[in-house]
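Visitor: I would like to see how this sequence folds:
(2 chains)
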Amino acid sequence: MNSSVIIFPGSNCDRDMDVALKKFGFKNEMVWHDDEQLPKSDLIVLPGGFSYGDYLRCGSIAGKSKIIKSVIDFAKKGGLVLGICNGFQILTETGLLPGVLQQNKNIEFICKNVFVKVNNKNNKYFNSIDKDVLELHIAHNEGNYFCSGDELKMLEDNNLIAISYCNKKGEVNENSNPNGALQNIAGIFNKEKNILGMMPHPERMIDKFLSGEDGSIFFTNLLNNLK
Amino acid sequence: MTKVNEQVAIDHGLKKDEFKKICDLMKRTPNLTELGIFSAMWNEHCSYKSSRKHLKNLHTQGKRVIQGPGENAGVIDVDDEDAIVFKIESHNHPSFIEPYQGAATGVGGIMRDVFTMGARPIANLNSIHFGSTQHKKTKNLLRGVVKGIGGYGNCIGVPTIGGQTCFDESYNGNILVNAMTLGLVNKKKIFYSKAAGIGKPVIYVGSKTGRDGIHGASMASAVFDDKIEEKKPTVQVGDPFTEKLLLEACLELMADDSIISIQDMGAAGLTSSSVEMASKGKLGIELDLTKVPCREEKMTPYEIMLSESQERMLIVLENGKEENAKKIFDKWDLDFAVIGKTTTSKKIELYFDSKKVADIPIDFLAEDAPEYDRKWKKTKLPQKIKFKKENFKSLKINNCLIKLLSNPNICEKKWIWNQYDHTVMGDTIQKPGGDAGVVRIHGTKKAVAASVDSSATYCFAHPLTGGKQVVCESWRNLISVGAEPIAITNCLNFGNPEKEKNMGEFVECVQGISEACKYLDFPVVSGNVSFYNETKDKGIKPTPSIGGVGLLKNYKNMLTMDLKNEGNVILVIGKTEGHLDQSVFARNVLNEKKGPPPEINLFNEKNNGSTVMKLMKEKLILSCRDVSLGGILVTVAKMCIKGKKGVKLNKLKSLINKFEFFFSEDQGRYIIEVSKKNFKKVENILKENSVHFDNLGEVQKDNYIYIDNGKISVDELSKHNKNWLMEYMVQ
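Guide: Down below sits the predicted model:
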């Protein structure tokens, strides 16, 4: 399976994502933001970081970058696009996903392990994943998801809230919400569920010496679903 | 242009006799631009004029040392093709005036020092000191500094893997912000600042030059008074995004061989970078300041030379490589300008609008800079305090333990490090909160451990002992995570060197550091000195911060502090003499602030540490932590909290009382967990090596520490340990 990771100026999880994708069997290529063409890919990843210094608004400038037109075309044709952290912010800025990511409720950067509940397995990302609760890692200053009432209703009606912050037991409540996100939203799909934006970083949880290994489950499963 | 006279020189922070020396050397009165350059090069921060004499005595040699002090950062060999570049640096004065930007640019500056040498930064650490928790400024300063450190490091994408935070009223008017960075470089691709070759193009890259930070280095070389707020404009403003681009662009350019030398523009900006490159290469340098990319209009040569705008580098390139280099910087949207060339003149010659605006022999700025042998006073070893039985009579061990675990200097600092990205780059295998942070060397079996330590209380009580102690503490912290200690970097934060007492503290701390480094074969490879940490005549306690780096040849053998399994035995390695003076217990529970710090016995220190390393090699240790602030019981409690286990402590065989046994801060000690099966083997190795140890007790499944026929809930202790800072910050 071929994957591509887009590098924007200020991306800083691009290498980590490259390492993770290759570890689990993807043939990965790095793509520069100033390019216009995407290589042939089964998966496009917008990595975490501070694209364009987070200036103006997180993800907003990247949302207008040269390469992004091709990413939008690719996504609209049903190609898989995964946005992690800043990548999620970029996806909302392009309009591919609804809503915005506001500053964390406690107005502090948060770096820690969290649990997320997988709400919908009927898609390429989570199909046949064993676990219902994954332990992943977050590291962000603007991860507080917000959207309009109509948009939320649309997300809920179509079962598009991909993952929600929860506790170890899978209970979604205020105590398990690290950043104030609406309905504990940690990640969402577009209607066709080929686009996934999520704040947690699965690429940081890929071996037992790191914060955890549930990222491995995510990538292995994703690859299997694409085969 | 302002006419230069003695008063103008004094306003630039120069002394009368220094101004006279300048005029004598130049055989004329310098113009304002030249005076500015002299003041920048001759201030304490750049010239090390009060410290140089003593720094020469530091122990800087070792078999793994590739580059010792004198470069942008130190370099050590970590086997194969790999070397680690590292350094710690202070950004104290700016951080007190403007905590966010001060701390942020401190982190930015130290990272530039490291990637200037061709290394990709792989870990950041910091040592931060604040005033009393009761002081009205403390909370805001802490919040601002933490945000600044995070704001910069998180954006660049380098994990902050450890640090140290202290509170003491001596920092009420002068906080300390010391930032450390480690970078990874191929041994054969290290870049240095020494220029070479004549007529080589001098290139300016990075951000544009603005009016920020003018006189920053001079500000850092003066004491504070009531008007410090007016100094805000001397604090630089950081832009981590540009630094990230600069990092990537520089590393891209470094992949081939077009760079002859490279130097970041740190303190004293373009002045010190150009002078240092020329001075090291014994060359001259000619710059056309009209070509310097400026952010603001009508900047004068004086302002351009003294600006401390961030994220800038000066490069001497091979001839003919300009086009290719420019392409790389264009790709990263960074300014690139050829602003001059190297010459044979051994002078710095500056032009502006086709007129020569400065002409100074390089030696006048570097080698001829003043060096002082300042007067200093020895600190006598204080009398030992004789604690009496009554002192302990009304004390309950449980309450004492709770008090210590929630002491600001002992409590858990999660509130701080949760704001630092400590997992980016995907190689952090020991997060902040342990004895040292550990990151893997990407793609290898190896890992490096790093920690930062300071012990101002000990250094204040007796600088010579304190200096030794900080080095030993660093050495122990590295061993405790399973690393072989290799080398240190030191950030020497002191008061006013013109005062004999402060100068004495400096001299004796350096002496202590040097003795310990030599004995432990733990050399100093880089560092900096920050004097004049003084406000309205009140100086800080002497605070050398030591950043230690160690190597794990196989990261799978890393040790952590969390207790592992019930039934295992826990031992304290090293002798517990019951030294309470200067301990957190004596100062906070007994309210006794006098007395000498615990003695350092370098023989025992080395022997105990080496033996612990032997036990590790035999894979006999399951968890480990060194005994530091708060003594044995605090250490055991932290190991219980981390491992969510309890401990049943044995009845004391010691002759000293239980408070002395559990809370004394004797040095050279570790607590280790070993399995019952291996106990005999461990005992034999310890005996063979003449290492004293005590059998402390046994790990329990339930979450209680059993002591003295009573028990304390580990959950309860954990709550006190974890909540203090959190609650303090939200109050």
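Visitor: Pull the distance from stretch B:561-568 to the chain's centre.
Guide: Chain-centre distance of stretch B:561-568: 32 Å, with Cα atoms, centre = their mean, to the nearest Å.
Visitor: Flag every buried residue along that stretch.
Guide: Residues of stretch B:561-568 classed as buried: B:561-563, B:568 (neighbour count, 16 or more other Cβ atoms under 10 Å in any protein chain shown). For every residue, glycine as well, the C-beta is placed using N, CA and C.
Visitor: Do that stretch and chain A come into contact?
Guide: No. Using Cβ under 8 Å from any Cβ of the partner chain, we find that stretch B:561-568 stays clear of chain A, coming within 14.6 Å at best.
Visitor: What's the local residue count around the residue in the stretch 51-200 of chain B positioned nearest to chain A?
Guide: Using Cβ to the nearest Cβ, the closest approach of the stretch 51-200 of chain B to chain A is made by B:Gly157 at 2.5 Å. Applying other Cβ atoms under 10 Å in any protein chain shown, we find 24 other residues in the vicinity of B:Gly157.
Visitor: so where's the stretch 601-731 of chain B uncertain?
Guide: Counting by pLDDT under 70, the stretch 601-731 of chain B shows no low-confidence range.
Visitor: And the strands in it?
Guide: Along the stretch 601-731 of chain B, counting by DSSP state E, counting those that start in this stretch, strands occupy B:623-626, B:646-649, B:670-674, B:693-700, B:704-707, B:710-713.
Visitor: Make JSON lines out of those strands and add distance to A:Glu171.
Guide: Conversion of those to JSON lines gives the following (distance: least, Cβ to Cβ, whole Å):
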{"stretch": "strand B:623-626", "distance to A:Glu171": "32"}
{"stretch": "strand B:646-649", "distance to A:Glu171": "28"}
{"stretch": "strand B:670-674", "distance to A:Glu171": "34"}
{"stretch": "strand B:693-700", "distance to A:Glu171": "30"}
{"stretch": "strand B:704-707", "distance to A:Glu171": "28"}
{"stretch": "strand B:710-713", "distance to A:Glu171": "25"}
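Visitor: how about those strands, which one is nearest B:Glu89?
Guide: Closest to B:Glu89 of the strands of the stretch 601-731 of chain B, according to Cβ to Cβ: strand B:623-626, at 25.6 Å.
Visitor: need the helix or strand of chain B with the lowest average pLDDT.
Guide: One helix or strand of chain B scores below all others by mean pLDDT, DSSP states H and E: helix B:216-219, with a mean of 63.
Visitor: Following element in sequence after that helix, please.
Guide: Downstream of helix B:216-219, the next assigned helix or strand under DSSP states H and E is helix B:240-254.
Visitor: is that next one up against chain A anywhere?
Guide: Yes. Using Cβ under 8 Å from any Cβ, we find that helix B:240-254 touches chain A at B:240-242, B:244-245.
Visitor: Can you go through those residues and name the buried ones?
Guide: Applying 16+ other Cβ under 10 Å to these flags B:240-242, B:244-245 as buried.
Visitor: Which pair of these spans the longest distance?
Guide: For those, the maximum inter-member distance is 9.8 Å, found between B:Pro240 and B:Leu245 (Cβ to Cβ).
Visitor: Contact partners for residue 113?
Guide: Just so you know, I chose chain A. A:135-138, A:211-212 (Cβ atoms under 8 Å, 6 or more residues apart in numbering or on different chains).
Visitor: you looked at the wrong chain, it should be chain B
Guide: By Cβ under 8 Å, 6+ apart, B:Asp113 lies in contact with B:72-73, B:87, B:89, B:181, B:264, B:266.
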